[in-house]
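[1] Please find the sequence and the predicted model below.
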Amino acid sequence: MADARFRWAAWLGAMGLALVAAPAAAQNQPAQVTFTKDVAPIFQKACESCHRKDSIGPMSLVTYEESRPWARSIKSRVAARQMPPWHIDKNVGIQHFANDRSISDAEIATIVKWVDAGAPKGDMKDMPAPVQWPSDQDWNFAKNYGKPDLIIKSPKYTMPAQAQDAWYKPVVPTGITEPRYVRAIEMRPGSVRGRKITHHALARLQQTEASSLAATPNNGDDPGPGLFMEWAVGKQGEVARENSGKLMLPGSSIVWDIHYHAVGEEITDDVEMAIYFYPKGQEPKFRQMLSLYSGIAGGNRNLDIAPNSMSVTQNFHVMRKAGRIENFQPHMHLRGKAMSMEAILPNGQTQMLSMVSNYNFNWHTNYVYADDYAPLLPKGTVLRITSWHDNTKNNPNNPDPNQWVGWGDRTVDEMAHAWVNITYMDDADFKVEVDKRKAKLAGTTSDRQQ
Ligand code: HEC
């Protein structure tokens, strides 16, 4: 289960070889690091999606002249792994994700070295060609699947020039009249200006289900509608893994949850979502279901965080069918510090799947496992969600460490749950998936599951 790098480390150790602090970084460093040659390619790949004109980052990092004034701040954010935003613990659990936007230790070392050297520009002939960002007004998957089958929009919202952050939660019926399986979804603010105020947007699918798998008991708490799609900058959309998809039922609605923030000018915008169905007659074999897994012992209402304290609490969820865990998306508020998800297998073994150790409420990242790493877990597996809250003055986001804090919707209240998407299968299909995975893995050392 350990990350491949750690097995390597153990192996080197066993061979009696000394480990240097950052071997890859040390060896790959050019003598003189310049913006045009070494730093610009990293910014293009990892920063420009948000740090360019008309995007959500507070400044553009496209040219040298734009980047230079931010050098110190860039060094501290990048070295602390706060930028790019990706909070999964690099030393714990699975490290292969389909949507990883983090940068490597070697890239961090390059940026730090550049700043320490006085942030030199370098030769313009080394500068990579500018990235042509796709138009924000096209639907990307139309190339693959043709026109979207369904477009759903949130009602328009006006964000004043100055205001507190807003969480806008309108409900919009989908209008579909027969069950349909979804193979791809895209979501985006309705306009380029709207991107400035749209911090992130979530769309939940609300529908009445007969299946017992759809409802997670959560000790009597309402699990609420499942997350259907989420938009944050840098992410265009989601395609279902092969032969699997989400099912939308007649009578369903989209429950929006859009985080708007004021940017000094009044802006009105909506968020739109394009949905591509599997053609009729080509329905996928496996259905994905999204569950809210509480991380609070005894259920959400029991969350009780004393003033000036750290708190830890956990909850357990039994998988009533075998399945593949597709993602991990922790949800907490301002006192949220960390969350982990472990699998306790029917044979008693425990596997740490994922952990976010420096949770940040600004970033609702959905960590989607890469194809060959999404854990395959047998029926009867128990998922253990553990959550930590920091209600002390050491937490820079804490509005008041002297308050008792309980569960609630407001940002100053707390929550602790993970949104987890699971593709369920019967035992025979599960065995086929496990065997396929094993065949792919033969002879490799890695953190792949099963
Ligand atoms: C997914 C979008 C996104 C990506 C990718 C991203 N940033 Fe940011 N960045 C933001 C946003 C939004 C803020 C302001 C809010 C915050 O600080 O979290 C920010 C803040 C910053 C700041 C702080 C600015 C200040 O006020 O001092 C720095 C520095 C920074 N980013 C550098 C980078 C660098 C360098 C990269 C790439 C290695 C990067 N960011 C990638 C969205 C992003």
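    Looks like it arrived, so ask away. All of these numbers come straight from a predicted model, not from anything done at the bench.
[2] Residue of the stretch 351-450 of the chain closest to the ligand, please.
    Proximity to the ligand, evaluated over the stretch 351-450 of the chain using C-beta to the nearest ligand atom, is greatest for Asn362 at 5.0 Å. In this view, the C-beta of every residue, glycine as well, is placed from N, C-alpha and C.
[3] who touches that residue in this structure?
    By C-beta atoms under 8 Å, 6 or more residues apart in numbering, the contact set of Asn362 is 85, 199.
[4] looking at this, it is in a helix?
    No. Read with DSSP: H, G, I helix; E, B strand; the rest coil, Asn362 is coil and lies in no helix.
[5] Around the ligand, which positions in the protein sit nearby?
    Proximity of the chain to the ligand, by C-beta under 6 Å from any ligand atom, involves residues 43, 46-47, 49-51, 56-58, 61, 70, 73-74, 77-78, 83-85, 101, 103, 233-234, 362.
[6] So what's the predicted local confidence for the residue of the stretch 351-450 of the chain closest to the ligand?
    Asn362 is assigned 79 on the pLDDT scale.
[7] and if you look at Gly220?
    Looking at Gly220, the pLDDT reads 32.
[8] where does the chain have low pLDDT?
    1-30, 135-136, 210-227, 230-236, 443-450 (pLDDT under 70).
[9] Mind splitting it into its structural domains?
    4-126, 137-284, 286-450 (automatic domain parsing).
[10] For the second one, measure first residue to last.
    The one in question is domain 137-284. Start-to-end span of domain 137-284 (C-alpha to C-alpha, to the nearest Å) is 30 Å.
[11] quick revisit: just the ones in helices from the residues of the chain next to the ligand, please.
    Judged by DSSP state H, helices contain the following of the residues of the chain next to the ligand: 43, 46, 73-74, 77-78.
[12] Please identify which two of those are farthest apart in space.
    Ala46 and Ser73 (15.8 Å; C-beta to C-beta).
[13] Contact partners for the nearest residue to Pro346 once chain neighbours are set aside?
    Distance criterion C-beta to C-beta, 6 or more residues apart in numbering; nearest residue to Pro346, sequence neighbours excluded, is Gly380 at 4.3 Å. Residues counted as contacts of Gly380 (C-beta under 8 Å, 6+ apart) are 318-319, 346.
[14] for Gly380, helix, strand, or coil?
    Here Gly380 is recorded as coil under three-state DSSP.
[15] One more: Asp257?
    strand.
[16] Test of understanding: give the bridge partners of it.
    Leu202 (DSSP bridges).
[17] does Ile176 belong to a helix or a strand, and which?
    Per DSSP states H and E, Ile176 falls between elements, in no helix or strand.
[18] Specify the local secondary structure of Lys436.
    Per three-state DSSP, Lys436 ends up helix.
[19] Now do the same contact list for it.
    Contacts of Lys436 (C-beta under 8 Å, 6+ apart): none.
[20] what separates it from Ile258, distance-wise?
    According to C-beta to C-beta, to the nearest Å, Lys436 and Ile258 sit 39 Å apart.
[21] So for the chain, the centremost residue is which one?
    Nearest to the geometric centre of the chain sits Asn366, at 2.1 Å (C-alpha atoms, centre = their mean).
[22] Could you pull out the helices in the protein for me?
    Under DSSP H, the chain gives helices at 4-14, 23-28, 40-46, 64-67, 71-79, 105-116, 142-145, 192-197, 427-441.
[23] Measure how the fifth one sits relative to helix 105-116, angle-wise.
    Angular relation of helix 71-79 and helix 105-116 on a 0 to 180 degree scale: 160 degrees, by axes from the mean of the first three to the mean of the last three C-alpha atoms, to 10 degrees.
[24] for helix 71-79, which positions count as buried?
    By 16 or more other C-beta atoms under 10 Å, the buried positions in helix 71-79 come out as 71, 74-75, 78.
[25] Also stretch 245-253?
    By 16+ other C-beta under 10 Å, the buried positions in stretch 245-253 come out as 245-249, 252-253.
[26] how about CSV for the residues you listed, with distance to Thr392 added?
    As requested, the buried residues of stretch 245-253 are exported to CSV (distance: C-beta to C-beta, whole Å):
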residue, distance to Thr392
Gly245, 44
Lys246, 40
Leu247, 44
Met248, 44
Leu249, 45
Ser252, 42
Ser253, 40
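[27] what's the nearest residue to Glu66 once chain neighbours are set aside sitting at in phi/psi?
    Nearest non-adjacent residue to Glu66, counting by C-beta to C-beta, 6+ apart: Ser60, 4.6 Å away. Main-chain dihedrals, Ser60, degrees, to the nearest 10: phi -90, psi 140.
[28] Could you give the bridge partners of the closest residue to Asp427 other than its chain neighbours?
    Leaving aside its chain neighbours, Asp427 sits nearest to Ala322 (5.8 Å; criterion: C-beta to C-beta, 6+ apart). Listed by DSSP bridges, the beta-bridge partners for Ala322 are Met425.
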